[in-house]
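**Student:** Sequence first, then the predicted structure:
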Amino acid sequence: MTKQFKVEMYAALKKIDMIPVKAVLDKYSIANFQDSIDFVEALDYCLNGWKKENMSSKVYSEVTTSDSRCIACEHGKGMMVYQFEYIHAAAPIPMNRVVYGWDFGILLDIRKEILHEVRVCNAFLEKDEMEKLRVF
């Protein structure tokens with residue numbers, strides 16, 4: 001069941017929308033746990049912090065994912081990073097053509113096939129850093 005949760009949660013996160021994420025938490029009956037409530041609160045900034053009011057902010061490119069490692073409080077623990085580009089379509093010309101980047105990390109603490117915690121991580125290795133580490 002944990003493996004299926006992981007698949008569904010990663011797919012929901014790629015939609016950059018809180019509704020599918022909450023639906024997965026509800027489906028697995030963990031939405032009301034304090035850890036899930038804290039996760040949703042932290043995730044809100046990741047999914048909406050890049051938007052500007054009245055600027056028609058929208059995802060411009062495909063949401064990509066990459067494996068990473070936490071470099072802070074869960075040092076070395078594996079995680080998934082979500083990256084995408086976005087624009088503010090209603091911004092004045094030429095700013096409406098500027099493409100910005102955004103990324104955030106999600107750490108699933110799974111031990112012995114049991115999900116212990118799902119959390120947002122904002123201190124992780126970048127994709128090129130992970131590639132350099134794979135060389136050795």
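**Tutor:** Arrived safely, thanks for sending.
**Student:** tell me which helix or strand of this structure sits lowest on mean pLDDT?
**Tutor:** helix 127-135 (a mean of 72; mean pLDDT, DSSP states H and E).
**Student:** buried residues in stretch 96-114?
**Tutor:** 102-108, 110 (16 or more other CB atoms under 10 Å). In this view, the C-beta of every residue, glycine as well, is placed from N, C-alpha and C.
**Student:** quick one: the helices in the protein?
**Tutor:** Taking DSSP state H as the test, the helices found in the chain are 2-13, 18-27, 34-48, 127-135.
**Student:** Packing partners of the second one?
**Tutor:** Right, the one you point to is helix 18-27. helix 2-13, helix 34-48 (3 or more CB pairs under 8 Å, 6 or more residues apart in numbering; DSSP states H and E).
**Student:** Dump the ones you listed to JSON lines, plus mean neighbour count.
**Tutor:** Formatted as JSON lines, the helices and strands packed on helix 18-27 follow (neighbours: other CB atoms under 10 Å):
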{"stretch": "helix 2-13", "mean neighbour count": "16"}
{"stretch": "helix 34-48", "mean neighbour count": "15"}
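**Student:** In JSON lines, list the ones you listed along with distance to residue 80.
**Tutor:** Listed next are those as JSON lines, based on distance: least, CB to CB, whole Å:
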{"stretch": "helix 2-13", "distance to residue 80": "6"}
{"stretch": "helix 34-48", "distance to residue 80": "12"}
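**Student:** Which of these sits closest to residue 132?
**Tutor:** helix 2-13 (24.5 Å; CB to CB).
**Student:** Show me the shaky parts of the protein.
**Tutor:** Applying pLDDT under 70 to the chain flags the ranges 135-136.
**Student:** related to what we said a few turns ago, would you mind saying which of the helices and strands packed on helix 18-27 lies nearest residue 76?
**Tutor:** helix 2-13 (19.1 Å).
**Student:** so residue 82 bridges to which residues?
**Tutor:** Beta-bridge pairing for residue 82 (DSSP bridges): residue 65, residue 104.
**Student:** got the contact list for it?
**Tutor:** When contacts are counted by CB atoms under 8 Å, 6 or more residues apart in numbering, residue 82 touches 13-14, 16, 46, 63-65, 103-106.
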